[in-house]
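[1] Sharing a model prediction with you, sequence too.
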Amino acid sequence: MKKVEAIIREEKLNDVKKALEEKSYWGMTVSQVSGRGKQKGITLQWRAGEYRVDLLPKLKIELVVLEEDVPAVLDAIVANARTGETGDGKIFILPVESVVRVRTGDRNENAI
Amino acid sequence: MKKVEAIIREEKLNDVKKALEEKSYWGMTVSQVSGRGKQKGITLQWRAGEYRVDLLPKLKIELVVLEEDVPAVLDAIVANARTGETGDGKIFILPVESVVRVRTGDRNENAI
Amino acid sequence: MKKVEAIIREEKLNDVKKALEEKSYWGMTVSQVSGRGKQKGITLQWRAGEYRVDLLPKLKIELVVLEEDVPAVLDAIVANARTGETGDGKIFILPVESVVRVRTGDRNENAI
Amino acid sequence: MPISAGDTAWILVSSALVLLMTPGLALFYGGMARRKNLLSTIMMSFAIMGLVGVIWALWGYTLSFGADKGSFIGGLNFFGLMNVGTEGSDTYASTIPHLAFMAFQGMFAVITVALITGAVVERIKFSSLMIFSTLWVTLVYAPVCHWVWGGGWLGGYGALDFAGGTVVHINAGVSALALVLLLGKRRGFRSEVMEPNNIPMVALGAGLLWFGWFGFNAGSSLMANGLAANAFVATNLAAAAAGLTWMIISWIHHRPSLLGTVTGAVAGLVAITPAAGFVAPIAAIPIGFGVSVICYYTIILIKEKLHFDDSLDVFAVHGMGGIWGALATGIFASSSVGGVSGLVEGNWSQPGTQIVGILAVAAFAFAVTWILGKILSVTIGLRVGSTEEMVGLDLSQHGERAYGGLLR
Amino acid sequence: MPISAGDTAWILVSSALVLLMTPGLALFYGGMARRKNLLSTIMMSFAIMGLVGVIWALWGYTLSFGADKGSFIGGLNFFGLMNVGTEGSDTYASTIPHLAFMAFQGMFAVITVALITGAVVERIKFSSLMIFSTLWVTLVYAPVCHWVWGGGWLGGYGALDFAGGTVVHINAGVSALALVLLLGKRRGFRSEVMEPNNIPMVALGAGLLWFGWFGFNAGSSLMANGLAANAFVATNLAAAAAGLTWMIISWIHHRPSLLGTVTGAVAGLVAITPAAGFVAPIAAIPIGFGVSVICYYTIILIKEKLHFDDSLDVFAVHGMGGIWGALATGIFASSSVGGVSGLVEGNWSQPGTQIVGILAVAAFAFAVTWILGKILSVTIGLRVGSTEEMVGLDLSQHGERAYGGLLR
Amino acid sequence: MPISAGDTAWILVSSALVLLMTPGLALFYGGMARRKNLLSTIMMSFAIMGLVGVIWALWGYTLSFGADKGSFIGGLNFFGLMNVGTEGSDTYASTIPHLAFMAFQGMFAVITVALITGAVVERIKFSSLMIFSTLWVTLVYAPVCHWVWGGGWLGGYGALDFAGGTVVHINAGVSALALVLLLGKRRGFRSEVMEPNNIPMVALGAGLLWFGWFGFNAGSSLMANGLAANAFVATNLAAAAAGLTWMIISWIHHRPSLLGTVTGAVAGLVAITPAAGFVAPIAAIPIGFGVSVICYYTIILIKEKLHFDDSLDVFAVHGMGGIWGALATGIFASSSVGGVSGLVEGNWSQPGTQIVGILAVAAFAFAVTWILGKILSVTIGLRVGSTEEMVGLDLSQHGERAYGGLLR
Ligand SMILES: Nc1ncnc2c1ncn2[C@@H]1O[C@H](COP(=O)(O)OP(=O)(O)O)[C@@H](O)[C@H]1O
Ligand SMILES: Nc1ncnc2c1ncn2[C@@H]1O[C@H](COP(=O)(O)OP(=O)(O)O)[C@@H](O)[C@H]1O
Ligand SMILES: Nc1ncnc2c1ncn2[C@@H]1O[C@H](COP(=O)(O)OP(=O)(O)O)[C@@H](O)[C@H]1O
């Protein structure tokens, strides 16, 4: 099993969620993060004058899926989180050694 | 060393924390996440009419522990985060390659 | 590739960020977490009387870097997040199997 | 007539109370928007406090209350506050300084324009809103205000509007509807969940509105007298009854909702506005009950059946609430309160007169707003771009975000 | 007597100020609850504004201020606002419209019921609270109000209560205690940390309460005169002195606390309530000092020794603060202010009279509240289920959450 | 002269309005600080409401308004509110109770001290601030207040200050600058981003300030009369014009900013303060326009060129805004309003007189504040330790945090 961690733009969550849903990847965990990368921040303003913020709001989506599902999940995310501008985000794939469903105590494949 | 990532109900944190404490797993990191899974969301209401929210508030607990401690930690979490209803959460176990304690620079076993 | 997950004090973010920047590690993802460890909490007060909070605000910094960059990153974080008091935080290193840049679809080394 | 210190104190306080309603509205609306549009929503009200505040002194007051021109509009004799002094006016509220009357009326103009914004939040271009507001207060608000209160035809005709059911609420509500039709829906309307970002903020806003509304309604008696007390009690009772009613409706459908309760209270305040100085206070109970039923189901109709994106229900609450209030004034008016009888006292013609007022104002407001909106739409555009809308208006229109610091 | 515009202006404004106290209280309490119960806590106050607002007009006012029946309760001559008009009343406040007096008194009834809710937040069933409020305002508030201000026995007996130390604060505080004993503790009380979710919101609420309390106390002179000014100054000084005192106590124990400072200010406002029109303003300093000491250690006693879960310290602040205030009125009353001397002017009997008032109201309120609560408890139940409590009352009782959007 | 109910009602309400400004300021400032200093920032205002509230009654009022001693300070005849009663004063505002005048003036003292705190937030030691406030209100505020309004030399000399441009705003603004120079910069000033934590809170604070300012300015006429109405209208128009101007300036540089708009409105309120009862209302438009231009570029100058860390721009907004207002009063004063002509009516000497007032107050305030600050700095220290500053003043000074619950 793998954990897919995708950092995306906040406004893309709905599209990504729907795309995953259609491929019946329903389970996911989302959290608010701030990030920086190629995108060099945004300019905001004080009462007078401006300033730059380099850590921008992003969302992190975490999905734990079977190894064979990783490509499909990646496709769904990339296709729907893209705008083509810097700041679109990154996806990281991490190994997961086991999974437990709290409700039942089921393990691994049965628990996803 | 392993990282145990448990997604649980918000209201279960105290019980889980206490159970881990009793087994002397004190160190942990908690964050607010939103998730969906088998639990199909909740119904909230507008001024008039209703709507469904599918991403529900959950908490993520992260514990980095020695491999041999994983079963005990899992037991403590499963036993205390369960309600038996959908939405109880998931636990993921990930490999951790090394650990550093910032204060001392200690590594690995000594740093947990 | 590795994921470096550092839990640090909130007030140390700026120093850590700058140190990483100087070594040209620019990309990172930051999130708000609460943690406990050796640091046994802080005392706050009600209207009358006091209470202890054991989960304290921390920040989690996540950086995905090439394996060879890990030591430099660790050094930068440890050197700049330290105060010497309990509560300075922990760093975990996790394996990352692959990385995708959403904007371009680039993979792995090219995507970091 | 000499200036009365008691009346002056009351109208100055009432003016301050009505002024406070606009920040109250900013929070009431702001809390219901999504977080990425929170500042933008609040900004609309504050910008209008500045813009309309200045316009009112320059030409708004004189067009509304200047010497009557053909029963349609006021003349320019009060342009730039000329001839508006510390003595009482001959025409209006002679026991208070003319400036106090002007100030009180100005607060109404400000909040009326601000009310409209609730319908267009989360997608209107800020520059267009500023131009629209300038034109609207000049070409819609001033004439309608003149018709009803400034010596124009509608007041003369006998349409009753104690504190602005027609001038403020129907006017704003119907204009909001016209803009909604022109602007179209927000991206994701009815496909994405659009949760209010901060319901406690909505409740705070509602609390300030309720508080300020005493100035709005009881101040409209323009003296600190028995009529003011009558309006005061009717106002409070309508808010209470309507809040309670909406709570019960939401309970029947689901659970007793705070958002519903405060919406109901505001709807009750809308409905009692035209009636407060014409009906016996106890009539506020049926008026408040009626308005919550009407507005609740209007929201369902508009949003779920017609699929109009009247985002914060301005037409449903202010338009329909104002219409019900105007009608209810014709029904419940009591000659012992405001000198005019309504239907329940056997005056069968008053509801008809009220309907003429409703239709005239609604038609005028809709038509002129539509034309103004259309012109803006084909020239500089009414709507922000799609990316700007997705990112949120706080960043895209104002270069700010509501909650700073590292993270949200 | 003819209506005075100045007095009318003052009482209408005061009524509006007291109305604003309930939303202020909603925020004050709301900020101290946990986030999952934030809307629920706010909702209690707003629902009561609706419910008691309507009840007051229907039967609350007449039971409190109607023609005296046996020194115990008012008759039905003002039922449904019958005979309550725009002229002055013969009996009460004859220089203002009777409706203004009625409105002012109604605001007191609303906030008194709302005050109680602080003790029962985070676990009471909303439906039971609504029924309880209906019964309590009828069977406890109205009689006690009648005893003290409506021509009943306690006012006649000579117990002093300028603006509601007994009628409002002791009444609410003791009733809160009775409910606390019936309801039991919140899950996790004293084992889990229950942090206030939003202290800035508490401070805002306290600011609105302080502001509104000028209407409460200085408005209780029912004229815009020297006595009103006396009450105004005493009110401000008590709030200031008590806020400062609580700050210092918290500093001695730990650090100067904002939550403590604003709690102290509110306690000072409570304590000065019965005294404001009877004592010289400077007496507000010892009164304010005393109340903070008393309430601070009462909280410690109640929560840490007795382990009663008086969640937001209603008994400690309003009950004990009100008792101290009533006593202090008997101590510091000055005949040159309100016509009655207290202990320091050598009138040894006044404290005794005050104690009779305190005991009578406390006993009555406790007993009737206990009975009402018990009946509800054994019929429909007073408390939400354990899962509902854990999930939070916002979701379980109201189907809403405070902060929408993707995440919290 | 007998007490006027109308005037009394107005001044009591105005006092309540000015009281509300301090919680308003707490939120206005609080929202601009960083989250870790949010409670601390709010606490400063609330602690000062307590501290200065008590001091004013004990010795502040008498030093300001007691029998004149050498044109410099008031005598002790009103010490502890001695001789301040429910009758009108012979000297001040004879149509209202002396206590009402005292209360009204006390609210000014409170907010003036609170204004200063904006310059020193996020690093001043709370204990030092408390001592400083005690000394400052005694040694700076009371004398300056006496000079201008209490029968001292500056009022006699002919310097015009209707509602506190000099006494409140220049006084606070210049004192703030002195403290800024003594305290030094916050850690990370100009190297780290210091975002306002909550702009909606800033807007709410601004709304409450705007509302309360009607009491501040229009209440300063001390009667409910034409002059009050004049001041009322000027106040609103200045806020509107200045808010609009600041919005446009921010738009020219970047985007129309909400933070800018509300800052502008507050600056407008500052500038009109000394002028409100001396200029024709329409003059509020140039005054409001001017103040936003001046303050905007002063902020840039102070923060970006001089690198002074006047954290929340107290000198820029209140100091410079107050100076412009005082000057503008000398320019636009109209004899038909307040009996004195300014430059535009051909009185070339009035601006000079105003400049004397500005310089005298600025020099005195700067010098005494500097000395007080220096003494504190070398004795107990003005500043928190570096770790305390990094952790934030909420935890380090007050042992509290703004938002409780598990996470932020
Ligand atoms: N090396 C990295 N480690 C962790 N997170 C990263 C890293 N690089 C980028 N990110 C995350 O991805 C987000 C988008 O990265 P960015 O480089 O701006 O996008 P793009 O590659 O499309 O230009 C950042 O805001 C940050 O949260
Ligand atoms: N495949 C998944 N990947 C990541 N997180 C998941 C996944 N499935 C479930 N979760 C997380 O676990 C939480 C509980 O899942 P759910 O299926 O509702 O519980 P249960 O299995 O007890 O019914 C979800 O809200 C989500 O945060
Ligand atoms: N075993 C662990 N698993 C996960 N997070 C941990 C663990 N131990 C500590 N942490 C995180 O690191 C933070 C700092 O730990 P602490 O032990 O207080 O620091 P130090 O080791 O410097 O004394 C904690 O607040 C928590 O977030």
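    In hand now; what should we look at? Numbering: from 1, shown residues only, chains lettered A, B, ... in the order given. Ligands and ions are numbered 1, 2, ... in the order given.
[2] Pick out the residue in the stretch 51-200 of chain D sitting closest to chain C.
    Per C-beta to the nearest C-beta, residue D:197 is where the stretch 51-200 of chain D lies closest to chain C, at 18.2 Å. Using the backbone N, CA and C atoms, a C-beta is placed for each residue, glycine as well.
[3] neighbours of that residue, just the number please.
    23 (other C-beta atoms under 10 Å in any protein chain shown).
[4] any idea how far residue D:255 is from it?
    20 Å (C-beta to C-beta, to the nearest Å).
[5] what do you get for residue A:97?
    Taken as C-beta to C-beta, the span from residue A:97 to residue D:255 is 43 Å.
[6] Comparing the two, which residue is more hemmed in?
    More neighbours surround residue D:255 than the other of residue A:97 and residue D:255, with 22 against 14 (other C-beta under 10 Å).
[7] if we can go back for a sec, what about the residue of the stretch 51-200 of chain D closest to chain C, distance to ligand 2?
    Counting by C-beta to the nearest ligand atom, to the nearest Å, the gap from residue D:197 to ligand 2 is 22 Å.
[8] Correct me if wrong: that residue contacts residue E:402.
    No - look at residue D:197 against residue E:402 with C-beta atoms under 8 Å: they stay out of range, at 9.7 Å.
[9] Spatially nearest residue to residue 36, not counting backbone neighbours?
    No chain specified, so I'll use chain A. residue A:54 (4.9 Å; C-beta to C-beta, 6 or more residues apart in numbering or on different chains).
[10] My question was about chain D, not that one.
    In space, residue D:36 is closest to residue D:392, 2.6 Å off (C-beta to C-beta, 6+ apart).
[11] repeat for residue D:68
    Nearest to residue D:68 is residue D:151, by C-beta to C-beta, 6+ apart, at 4.2 Å.
[12] my read: residue D:372 touches residue D:136, true?
    Yes - Residue D:372 is in contact with residue D:136 according to C-beta under 8 Å; the separation is 6.3 Å.
[13] Any part of stretch D:117-136 near chain A?
    No - judged by C-beta under 8 Å from any C-beta of the partner chain, stretch D:117-136 stays clear of chain A, getting no closer than 12.7 Å.
[14] Confirm that residue D:154 lies within a helix, as I assumed.
    Yes - under DSSP: H, G, I helix; E, B strand; the rest coil, residue D:154 sits within a helix.
[15] Just the element for the nearest residue to it once chain neighbours are set aside, please.
    Nearest non-adjacent residue to residue D:154, counting by C-beta to C-beta, 6+ apart: residue D:147, 4.0 Å away. Residue D:147 belongs to helix D:142-149 when assigned by DSSP states H and E.
[16] Could you pull up the residues touching the residue in chain A positioned nearest to chain D?
    Distances between chain A and chain D by C-beta to the nearest C-beta are smallest at residue A:11, namely 4.1 Å. Applying C-beta atoms under 8 Å, 6 or more residues apart in numbering or on different chains, one finds that residue A:11 lies in contact with D:390-392.
[17] Can you point out the buried residues in the longest helix along chain A?
    When chain A is parsed with DSSP state H, its longest helix is helix A:70-81. For helix A:70-81, burial by neighbour count (16 or more other C-beta atoms under 10 Å in any protein chain shown) applies to A:70, A:73-74, A:76-78, A:80-81.
[18] Torsion angles phi and psi at residue D:162?
    phi -70, psi -50 (degrees, to the nearest 10).
[19] again, but for residue D:404
    phi -90, psi -160.
[20] for the residue lying closest to it once chain neighbours are set aside, what are its contacts?
    Counting by C-beta to C-beta, 6+ apart, residue F:195 is the residue found nearest to residue D:404 once chain neighbours are left out, at 2.6 Å. Residues near residue F:195 by C-beta under 8 Å, 6+ apart: A:44, A:51, A:53, D:404-405, F:34.
[21] Buried subset of these as a PyMOL selection?
    Those of the contacts of residue F:195 that count as buried under 16+ other C-beta under 10 Å are selected in PyMOL with:
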select buried, (chain A and resi 44+53) or (chain D and resi 404+405) or (chain F and resi 34)
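[22] can you list the contacts of residue F:195 in TSV and add secondary structure?
    What follows is the contacts of residue F:195, written out as TSV (three-state DSSP):
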residue	secondary structure
A:44	strand
A:51	strand
A:53	strand
D:404	coil
D:405	coil
F:34	coil
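[23] What is the most widely separated pair among the contacts of residue F:195?
    A:44 and F:34 (14.5 Å; C-beta to C-beta).
[24] Please, which helix or strand holds the closest residue to residue D:100 other than its chain neighbours?
    Computed as C-beta to C-beta, 6+ apart, the closest residue to residue D:100 that is not its neighbour in sequence is residue F:229, at 4.1 Å. Residue F:229 belongs to helix F:226-253 when assigned by DSSP H and E.
[25] Tell me how far that helix lies from the chain's centre.
    17 Å (C-alpha atoms, centre = their mean, to the nearest Å).
[26] Is residue D:187 in a helix, a strand, or coil?
    Secondary structure of residue D:187, reduced to three states by three-state DSSP: coil.
[27] Point me to the residue of chain A nearest ligand 3.
    Nearest residue of chain A to ligand 3 (C-beta to the nearest ligand atom) works out as residue A:31 at 15.3 Å.
[28] Tell me the buried residues in the helix or strand that residue falls within?
    Element membership for residue A:31, per DSSP H and E: strand A:28-36. Residues A:28-36 are the ones in strand A:28-36 that count as buried (16+ other C-beta under 10 Å).
[29] Can you name every helix or strand that that strand contacts?
    helix A:13-22, strand A:56-65, strand B:28-36, strand B:56-65, strand C:28-36 (3 or more C-beta pairs under 8 Å, 6 or more residues apart in numbering or on different chains; DSSP states H and E).
[30] export these to a markdown table and tack on mean pLDDT and distance to residue F:354?
    Below are these laid out as a markdown table (pLDDT from 0 to 100; distance: least, C-beta to C-beta, whole Å):
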| stretch | mean pLDDT | distance to residue F:354 |
| --- | --- | --- |
| helix A:13-22 | 94 | 59 |
| strand A:56-65 | 95 | 49 |
| strand B:28-36 | 94 | 56 |
| strand B:56-65 | 95 | 59 |
| strand C:28-36 | 94 | 52 |
